[in-house]
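Enquirer: what's the 3D shape of this:
(one chain, ligands or ions: 2)
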Amino acid sequence: MIKPYQKTPIQDCHQPLVKIPLEKFAVESPHPYQKLGAPYHLSGVDSPYYLRQEVIERLIAAQTQLQSRYPGWNILIFDAYRPVEVQQFMVDYTFAETLKTRQLKPDLITSEQRQAILEEVYQFWALPSLDPATPPPHSTGAAIDVTLVNHTEKIIDMGSPIDEISPRSYPNHFAKSDHPDEHKYHQNRQILADIMISAGFQQHQNEWWHFSYGDQMWAWLTNQQETGNKYIAKYGRFSFVSSRS
Ligand SMILES: C[C@@H](N)C(=O)N[C@H](C)C(=O)O
Ligand SMILES: [Zn+2]
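Expert: Ligands and ions are numbered 1, 2, ... in the order given. Purely as a prediction, here's the structure:
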């Protein structure tokens, strides 16, 4: 189930993982995965609000760009650094929730049903791989899930919630709609994508909220847009605990 971007070579530049200056941004609170009991403590992590140094600088640049166009607006941080243990927890949680919403019991589904639901989950969540060659994007400190708030701190409506397992999550889902609300959702998604891309990020192909700079997905997407296949990942898995395989 390896994805094409995961074949991209990684040469980690060993930039530190540093705390995001949260006072500069809006923040989803309480943190959505901590609220669910995600096991950050297993990996010696006190908070999800870490990123590589240059990724933070680029996020600040994206917000400066946003505020030059929309004074008083802010980037809202939903999630940032995610240890592999938390990635596993969220994949298991999302699988269980998907069964629940379809009124399916884990013990009563066929292996084909299980496989089909897992494939849906993995359209949106990366594999919780401990292999250093295929790190989940958020475990590198290069990926971030974000949305926008306006000058009154109201969350901008993007037409679907972050993490929804549905085609509504695709960045261009509302692109061709003539419905005025859906047209607005698309415009809002474009504001977000524009400011992030202008600061050097790449956007996940299935998720309007997921952006990264310097990881395998970023290098792979950049190579798709430019000739020469010259980009490799600058960031591999970052771990606060040193002795893991
Ligand atoms: C589903 C979302 N929160 C997310 O972060 N997806 C990416 C692809 C990931 O799991 O790395
Ligand atoms: Zn993400």
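
Enquirer: burial measure for the residue in the chain that ligand 1 sits nearest to, as a count.
Expert: Nearest residue of the chain to ligand 1, counting by Cβ to the nearest ligand atom: Ala126, 3.6 Å away. For every residue, glycine as well, the C-beta is placed using N, CA and C. Ala126 has 25 neighbours, counted by other Cβ atoms under 10 Å.

Enquirer: thinking it is in contact with Pro136, fair?
Expert: Yes. At 4.0 Å, Ala126 and Pro136 qualify as touching, with contact defined as Cβ atoms under 8 Å.

Enquirer: about what we covered before: the residue of the chain closest to ligand 1 sits in which helix or strand?
Expert: For Ala126, there is no host helix or strand (DSSP states H and E).

Enquirer: follow-up on the earlier one: common neighbours of Ala126 and Pro136, please.
Expert: Common contacts of Ala126 and Pro136 (Cβ atoms under 8 Å, 6 or more residues apart in numbering): Gln87.

Enquirer: rewinding a little: state the distance from the residue of the chain closest to ligand 1 to Ala38.
Expert: 15 Å (Cβ to Cβ, to the nearest Å).

Enquirer: which parts of the helix or strand hosting Gln87 are buried?
Expert: Taking DSSP H and E as the definition, Gln87 sits inside helix 84-101. The neighbour-count check on helix 84-101 (16 or more other Cβ atoms under 10 Å) flags 84-91, 93-95, 99 as buried.

Enquirer: tell me the mean pLDDT for it?
Expert: Helix 84-101 shows a mean pLDDT of 97.

Enquirer: Tell me the helices and strands packed up against that helix.
Expert: Here helix 84-101 touches helix 32-35, helix 111-124, going by 3 or more Cβ pairs under 8 Å, 6 or more residues apart in numbering; DSSP states H and E.

Enquirer: give me that answer again for 6 Å
Expert: Judged by 3 or more Cβ pairs under 6 Å, 6 or more residues apart in numbering; DSSP states H and E, helix 84-101 is in contact with helix 111-124.

Enquirer: How about residues contacting the next helix or strand after the helix it packs on?
Expert: The element immediately downstream of helix 111-124 (helix or strand, assigned by DSSP H and E) is strand 143-149. Outside strand 143-149, the residues within contact range by Cβ atoms under 6 Å, 6 or more residues apart in numbering are 26, 73-80, 137, 155-156, 162, 192, 209-212.

Enquirer: ok, and which of these reach ligand 1?
Expert: By Cβ under 6 Å from any ligand atom, the members of those lying near ligand 1 are 137, 210.

Enquirer: Low-confidence stretches in this structure?
Expert: When residues are selected by pLDDT under 70, those of the chain lie in 242-245.

Enquirer: Looks like the residue of the chain closest to ligand 1 contacts His138 (just checking).
Expert: No. Contact criterion Cβ atoms under 6 Å: Ala126 and His138 do not qualify, at 7.5 Å.

Enquirer: Touching both of these two, which residues are there?
Expert: By Cβ under 6 Å, 6+ apart, no residue touches both Ala126 and His138.

Enquirer: residue contacts, Cys218?
Expert: Careful, residue 218 is Trp; it's not Cys. Counting by Cβ under 6 Å, 6+ apart, Trp218 has contacts 202, 212.

Enquirer: at 7 Å what do you get?
Expert: In this structure, Trp218 makes contact with 142, 202, 212, judged by Cβ atoms under 7 Å, 6 or more residues apart in numbering.

Enquirer: Same question for Leu59.
Expert: 75, 144.

Enquirer: For the chain, which residue occupies the most central location?
Expert: His210 (3.5 Å; Cα atoms, centre = their mean).
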